[in-house]
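> no letters, just coordinates:
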């Protein structure tokens, strides 16, 4: 029954874990059924009502310039962080929220194209995502012909360099012993590849990619290869645009 703004404000109060998670699930559920116009209004509300107080930040910065003590620095650091960052952190505590927030950033990026001022909110997403999707938290998995079909379907859909049009074409990328594919996954998004690389093991560097992808080529025994050609790297999640996976 509460508005999204009321739920955001409630989420920042001193709730217990159970109540906080209940509010988070309620806010995510409310967002999931919003129209594009309602989502745009939601982002405008976050930018307007949960921003920093620039005058307080300036006051604390001046105080810290005079007396560089730890207490003032802690106050300055807290004041310089928009309250909406804590909203996003608390939302992320519930199951499935990470994937939902990645999708939310996709919506935000479309809204920024219409209203450039909303880019201030994207800075919050970038700040948090760069920590949450740090390479140390990611899991590297080999993708093969026996990988579950729901993930293989996503490899077909997300391939952004050399299109995969059929399952037979995918098989030629994965099944021969001189072909490899690896993807990064996040523990909170175990069935969503974040980025993947396709590799051809060859003798020498291929002159062109057509030779690498040729259907009639003879597979090469891996121990006869002296070169690994990384012929396709695809980012899978638009909501993680600007996040480096190395």
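Nice, I can see it. Everything quoted here is computed from the prediction, not taken from an experiment.
> got the contact list for the least confident helix or strand in the chain by mean pLDDT?
Here the helix or strand of the chain ranked lowest by mean pLDDT, DSSP states H and E is helix 209-213, holding a mean of 90. With contacts defined as C-beta atoms under 8 Å, 6 or more residues apart in numbering, helix 209-213 is touched by 162, 172, 200, 202, 206, 217, 229, 231. (Glycine included, C-beta is placed from N, CA and C.)
> pLDDT value on the residue lying farthest from the centre of the chain, please?
Within the chain, the residue lying farthest from the chain centre (C-alpha atoms, centre = their mean) is residue 66, at 39.7 Å. pLDDT, residue 66: 94.
> ok, the one 5 residues further on next?
We have a pLDDT of 95 for residue 71.
> which phi and psi does it have?
Residue 71 adopts backbone torsions of phi -60, psi -50, taken as degrees, to the nearest 10.
> all helices for the protein, in order.
Secondary structure of the chain, counting by DSSP state H: helices at 4-11, 17-32, 36-49, 54-66, 70-79, 83-91, 97-114, 119-132, 149-158, 167-174, 209-213.
> count the residues that sit near residue 222.
Number of residues near residue 222 (other C-beta atoms under 10 Å) recorded here: 12.
> contacts only, for it.
Taking C-beta under 8 Å, 6+ apart, one finds 177-178, 201 in contact with residue 222.
> looking at the residues you listed, which are in strands?
In this view, these that belong to strands under DSSP state E are residue 201.
> can you pick the most crowded of the contacts of residue 222?
Among those, the one with the most neighbours (other C-beta under 10 Å) is residue 201, at 20 neighbours.
> test my guess that that one contacts residue 231.
No. At 11.2 Å, residue 201 does not count as touching residue 231 under the criterion of C-beta atoms under 8 Å.
> re the thing from before, out of the contacts of helix 209-213, which is most surrounded?
residue 200 (23 neighbours).
> in the sheet, who's paired with it?
Using DSSP bridges, the bridge partners assigned to residue 200 are residue 179, residue 229.
> hang on, the earlier thing: so who does the residue farthest from the centre of the chain touch?
Taking C-beta under 8 Å, 6+ apart, we find residue 66 in contact with no residue.
> distance check, it against residue 47.
32 Å (C-beta to C-beta, to the nearest Å).
> do the same with residue 243
21 Å.
> next one: residue 16
Distance of residue 16 to residue 47, computed by C-beta to C-beta: 29 Å.
> good, we can wrap up now.
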